[in-house]
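**Q** sequence? don't have it. structure:
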């Protein structure tokens, strides 16, 4: 059922009849309203939903962070109890990693990868929707813990046995383990789908080394996810079985080794770090050339260093465990590999700088966020190299120096890149640009607030302030920089409010007609997504683009004349496709959301009552049954030379017009 | 670059190939989406079993102050498990025969071999249930000690994989019997064969590492 290729089709039989439905229910056909979104299998709508839901969790995680900072504003803060503090820092980290940055990147990948490689959709559109809904339900399930006895309180890394029933008796860690399991299945499905899409659905001429760098980095990320998720799946299974079924994996009285969890978690956890940052590296590798009006300096080197990061990311996990007693050989080996991995990252930084060097730079909002990624990530990268030096790391472990480091790479790196991507691709997704002036306020406030919030943490960490402590005393001397840091956090909040105002205000003005409709190619772009109208039409491309170069769209616009000088030979908006075709698309489906809804029921049942799991299982079986019966492979659709791998879909509201238009072709 | 202005224009503009032609082009890799999907999934599954086997190796001999009961390794019945391992290995052979027969459009044989493969897999699962029951009677419950938790989790995960494979094989048998799945879709059975062989190979590793290495 899950393994059916879905690609657009000519629908009618030779007799002109459409094929009969063999599904249990009629398929959903709504073209607008909430049902058009809930049952969609269009990669663009799914991408937008990923990002929208991720922004909601970003709001939640932001509130959690502000509560933490409010608690630490003064010595002996009284805003939170120690228990609440534990829950908040755990959920802040877990939410930011699994429910904000990963799905934002997944949203961009869903929307942009098929457009960048010239494809009609992803390889498995219904699986794509299943992944989205598993992510949404997993996030809701994880956050249900707030209302059912308190959130998880063992840190986002959830070190066992500290997270066993003995030390974490509430059900919060159960919600953590099972919620991440659901979100993990979502990511696994998404990764396989995108790998198959990128490997198999490239337009003619789009060789691997002609793919846009963003698509390349997404491919590397999907391989990292594919191979690292099963490891945390095992770790979470062991933890769940310990907590639910009294297994003994982390029972020290039975001789358990606490390092088991740490190894399993960080074998997943370090590739995960690159899962978080590489999509943003891909985004700035798109924006910097466009806004510098130069090709990316050393395209193949940037791609290869991304691949190198992907490989080397597997050999550095134990640098998270330098103080756990690995022994000198292990520490020395992982110290060396960690220093090595800075090399391909540094290569990328140099390539981006060389891309901007001598370029005709346009300081648009996406460009400003991109430059801030390059500079802020470099700061975070340098403190990361400091951690590679084991003796220094021993001093810094579990201090705010670590907190400063990973916020510089994840906020200053990953999030800055994702903001750049939002401003950059907003016209392509919605048809209008976000307001430039508000965007500048957003950028400068976030950059200022970010450095004010996290810069002082370097100092606090080196002064010895420990992480994950809900209080510090007035005699510690930490009050000044903590106060500064909290002020910075609220400056970020103001910046983010301005971003929200920008989104809503510009949308309203666009509706009212005072914000102009953007053409296909508003930034003078280089890649295929700019070769179709804005917003992208539902069918993506009218015709298959034929690719002859890296940055193919740009080469269609700029060509060398007799003297070898580059001249503009065409306007991107003129040669872009018109979006006026109406080919057939895969039909929406009820089953992905129904199937996904079974998972949180099963998980709730594991915590409360196994009967609930039974109901969830029945729901899943029914959904799998309905999914299989929905005609992915209709034996009567014998019009296709490739046989039953392709399948028609019916109930498409446009079917009549499509048949008329495609009749000469088919 | 083209010589005439007209050709130049067509070079510039996107859109000379109709979508309909595009669908008849082979995929970029030459492999179908379904097959790439299965290979990717099996790659992921390798790491799953890698982590589970490592966990077992770490846990099997560990003792603490509260350790009680036998370890899994104390109770292994190597001759019995060798026989059930052999049965599972033979099912890989019959799986190959099923794939070959549907590729040659010999549907009756395909049905026979599909059913044989599913039966051999079921015999293996029955053997595992028998083995687990025996262990339990001898005092090795899931929560008895750390080695029992690790042993049952590892072999249980493998058993679930085999059981899912049996469900897929029986489904294929039904589809072939009802004429829904014909020789033109031989690849579906080939892909399920990939999964089946993978599960067998994993068992070879488990049998060698868990049962045979002392």
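**A** Cool, the structure landed. Owing to the predicted nature of the structure, the values given are computational and were not obtained by experimental measurement.
**Q** what sits against residue 41?
**A** Just going to use chain A. The neighbours of residue A:41, taking C-beta atoms under 8 Å, 6 or more residues apart in numbering or on different chains as the test, are A:6, A:121, A:125, A:126, A:128, A:129, A:586, A:587, A:588, A:589, A:592. Using the backbone N, CA and C atoms, a C-beta is placed for each residue, glycine as well.
**Q** wait, chain B
**A** Listed by C-beta under 8 Å, 6+ apart, the contact partners of residue B:41 are residue A:192.
**Q** and the gap between the most centrally placed residue in chain A and chain B?
**A** The structure's chain A has its C-alpha centroid closest to residue A:105; by C-alpha atoms, centre = their mean the separation is 2.3 Å. Note on residue A:105: its distance to chain B, by C-beta to the nearest C-beta, to the nearest Å, is 19 Å.
**Q** which helix or which strand is home to the closest residue to that residue other than its chain neighbours?
**A** Distance criterion C-beta to C-beta, 6 or more residues apart in numbering or on different chains; nearest residue to residue A:105, sequence neighbours excluded, is residue A:279 at 3.6 Å. In this assignment (DSSP states H and E), residue A:279 forms part of helix A:259-292.
**Q** next structured bit after that helix?
**A** Sequence-wise, the next helix or strand downstream of helix A:259-292 (DSSP H and E) is helix A:299-312.
**Q** show the average pLDDT along that following helix.
**A** Taken as a whole, helix A:299-312 has an average pLDDT of 96.
**Q** could you do stretch A:184-195 as well?
**A** Rounded to a whole number, the mean pLDDT of stretch A:184-195 is 97.
**Q** just how off-centre is it within its chain?
**A** 11 Å (C-alpha atoms, centre = their mean, to the nearest Å).
**Q** now stretch A:266-278
**A** Taking C-alpha atoms, centre = their mean, one finds stretch A:266-278 lying 12 Å from the centre of the chain it belongs to.
**Q** other residues contacting that stretch?
**A** Stretch A:266-278 is contacted by residues A:97, A:101-102, A:105, A:157, A:217-218, A:220-221, A:224-225, A:227-229, A:231-232, A:235, A:306, A:309-310, A:313-314, A:316-321, A:377, A:409-410, A:413-414, A:417, B:51 when judged by C-beta under 8 Å, 6+ apart.
**Q** cutoff 6 Å now
**A** Contacting residues not belonging to stretch A:266-278 are listed as A:101, A:217, A:220-221, A:224-225, A:228, A:231-232, A:309, A:313, A:316-317, A:320, A:413-414 [C-beta atoms under 6 Å, 6 or more residues apart in numbering or on different chains].
**Q** out of those, which is most surrounded?
**A** Ranked by neighbour count under the definition other C-beta atoms under 10 Å in any protein chain shown, those are headed by residue A:217 with 31 neighbours.
**Q** quick one: that residue from residue A:300, how far?
**A** Applying C-beta to C-beta, to the nearest Å, one obtains 14 Å for the distance of residue A:217 from residue A:300.
**Q** same check, this time on residue B:82
**A** Taken as C-beta to C-beta, the spacing of residue B:82 relative to residue A:300 amounts to 52 Å.
**Q** between the two, point out the one with more neighbours.
**A** Neighbours around residue B:82 and residue A:300, counted as other C-beta under 10 Å, are more numerous at residue B:82. The numbers are 13 against 10.
**Q** ok, now how distant is the closest residue to that one other than its chain neighbours from residue B:161?
**A** By the measure of C-beta to C-beta, 6+ apart, the closest residue to residue B:82 outside its immediate chain neighbours is residue B:207, 8.0 Å from it. Taken as C-beta to C-beta, the spacing of residue B:207 relative to residue B:161 amounts to 14 Å.
**Q** and what of residue A:409?
**A** 37 Å.
**Q** what's the answer for residue A:43, then?
**A** 31 Å.
**Q** same question for residue A:102.
**A** Here the distance between residue A:102 and residue B:161 works out to 27 Å (C-beta to C-beta).
**Q** for these two, indicate the residue with more neighbours.
**A** residue A:102 (25 against 19).
**Q** helix or strand for that one, which one?
**A** Residue-wise, residue A:102 maps onto helix A:102-116 under DSSP H and E.
**Q** what is the mean pLDDT for the strand or helix carrying residue B:160?
**A** With elements taken from DSSP H and E, the one containing residue B:160 is helix B:146-177. Per-residue confidence for helix B:146-177 averages out to 96 on the pLDDT scale.
**Q** and that helix, anywhere near chain A?
**A** Yes - part of helix B:146-177 sits near chain A under the criterion C-beta under 6 Å from any C-beta of the partner chain, namely B:146, B:149.
**Q** residues contacting the residue in the stretch 251-400 of chain A that chain B sits nearest to?
**A** When C-beta to the nearest C-beta is the measure, the stretch 251-400 of chain A has its nearest residue to chain B at residue A:255, with 3.3 Å between them. Counting by C-beta under 6 Å, 6+ apart, residue A:255 makes contact with B:62, B:63, B:64, B:67, B:146.
**Q** all helices for the stretch 51-200 of chain A, in order.
**A** Under the criterion DSSP state H, counting those that start in this stretch, helices of the stretch 51-200 of chain A are mapped to A:82-94, A:102-116, A:125-144, A:172-200.
**Q** other SSEs contacting the shortest one?
**A** In terms of contacts (3 or more C-beta pairs under 6 Å, 6 or more residues apart in numbering or on different chains; DSSP states H and E), helix A:82-94 is packed against helix A:43-71.
**Q** report the angle between the axes of the helix it packs on and helix A:172-200?
**A** For helix A:43-71 against helix A:172-200, the angle between stretch directions is 140 degrees (axes from the mean of the first three to the mean of the last three C-alpha atoms, to 10 degrees).
**Q** tell me how many other residues crowd residue A:39.
**A** A total of 21 residues lie near residue A:39 under the criterion other C-beta under 10 Å.
**Q** actually residue A:422, not the one I wrote
**A** By other C-beta under 10 Å, 23 other residues sit near residue A:422.
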